[in-house]
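Asks: quick one, structure for this:
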Amino acid sequence: MIQIIVRAVLAGFLLASGIAAATAAQFGDAQYAIKADDGSEMTNFDLSPELVKRMQGLESLIPVGNPSGDVTLYQFYDLNCPFCREAAHDVDALLKADPKLKLVFVPYPVLSVASVQGGLVEVIAARMLPPEKFLELHRQIYAGRGVVDGMRVLDASIKLGLDRDKVLAQAQTQATLDILRSHADFGSAAKLVATPAYVINGVAIVGHPGQRALRSVVASVRKCGKVAC
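Replies: Just a heads-up that it's a prediction; the model follows:
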């Protein structure tokens, strides 16, 4: 068990994110014409250049797909978010269908203590695994049911050949917790009030629009340099 994290500290961390109490009515308007697969409008808005630069400088960004892709899509996710589990299948399919896409996973554990514990292990595993192996880890984590915590992510990491003690030695540190805190602080500043959330071409999309909608946004960026042409 990962015991180093004090619940009182995490309580402040979770509250600081501003995510846990968010409801759909609070998501806000759509700046651009981005619609979900069901036809509903998706909350989306421009991020300031300063926020985009801050996002690109986050310490535990996990790039997968084409490292030299012509379009980069960032996904902010919580391992215990049911919508993130659904989105994982769509994003996986999108990657397989689009060899020119660069996807950047951004661990964003803001929903529970278990999420943070899982995130601590995940960011360390990401440092030790090549991109294709991290994708496999991501799939394995979401394959089972129930709560995703540190031990579940650790077990999946061990199955992929990582050393248990080496992973835990780095995961159970204040420095690693500070990395996750920086992700949550950025999400709060960027008003990413739901998981998953995406950033593409400097535009934040709050919630999961679906595979077809994401494909359409990527195609628009390629066609006209905007999320909606």
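
Asks: Leu129 and His138 touch, don't they?
Replies: No - shown here, Leu129 and His138 do not form a contact pair, counting by C-beta atoms under 8 Å, at 10.1 Å. C-beta: built from backbone N, CA, C; applies to glycine.

Asks: can you tell me the centre-most residue of this structure?
Replies: For the chain, the residue nearest the mean C-alpha position is Phe76 (2.5 Å; C-alpha atoms, centre = their mean).

Asks: does that residue count as helix, strand or coil?
Replies: What DSSP: H, G, I helix; E, B strand; the rest coil gives for Phe76 is strand.

Asks: list the contacts for it?
Replies: By C-beta atoms under 8 Å, 6 or more residues apart in numbering, the residues touching Phe76 are 106, 108, 183, 187, 192, 195-199.

Asks: with Gly225 instead?
Replies: By C-beta under 8 Å, 6+ apart, the residues touching Gly225 are Asn201.

Asks: which one's more surrounded, Leu129 and His138?
Replies: Neighbours were counted for Leu129 and for His138 using other C-beta atoms under 10 Å; His138 has more, 22 against 18.

Asks: does the more buried one touch Leu95 like I think?
Replies: No - between His138 and Leu95 there is no contact under C-beta under 8 Å: 10.6 Å.

Asks: show me what the residue nearest to the centre of the chain is bridged to.
Replies: Phe76 has these beta-bridge partners by DSSP bridges: Val106, Ala197.

Asks: per-residue confidence at it?
Replies: Predicted confidence (pLDDT) for Phe76: 96.

Asks: name the helix or strand for Asp155, please.
Replies: Asp155 belongs to helix 150-159 when assigned by DSSP states H and E.

Asks: and the gap between Ser68 and Lys102?
Replies: Distance of Ser68 to Lys102, computed by C-beta to C-beta, to the nearest Å: 7 Å.

Asks: neighbour count for the two, which is higher?
Replies: Shown here are Ser68 and Lys102; by other C-beta under 10 Å, Lys102 has more neighbours (18 against 7).

Asks: confirm the more buried one sits in a strand?
Replies: Yes - Lys102 forms part of a strand when assessed by three-state DSSP.

Asks: list the contacts of it.
Replies: Contacts of Lys102 (C-beta under 8 Å, 6+ apart): 63-69, 71-73.

Asks: what does Glu86 give?
Replies: With contact set as C-beta under 8 Å, 6+ apart, Glu86 has these partners: His208.

Asks: which secondary structure element contains it?
Replies: Counting by DSSP H and E, Glu86 is part of helix 82-97.

Asks: check Pro63 too.
Replies: Per DSSP H and E: Pro63 is located in strand 62-65.

Asks: now stretch 220-229: buried residues?
Replies: For stretch 220-229, a neighbour-count test (16 or more other C-beta atoms under 10 Å) marks 220-221, 227-228 as buried.

Asks: one step back: can you give the contact residues for the strand holding Pro63?
Replies: Where contact means C-beta under 8 Å, 6+ apart, the residues beyond strand 62-65 that reach it are 95, 98, 101-107, 123, 126, 131-132, 134-135.

Asks: give me the sheet partners of it and which way each runs.
Replies: Taking DSSP bridges as the criterion, strand 62-65 forms sheet pairs with strand 101-107 (antiparallel).

Asks: tell me the buried residues in the helix holding Asp155?
Replies: Residues 150, 152-154, 156-157 are the ones in helix 150-159 that count as buried (16+ other C-beta under 10 Å).
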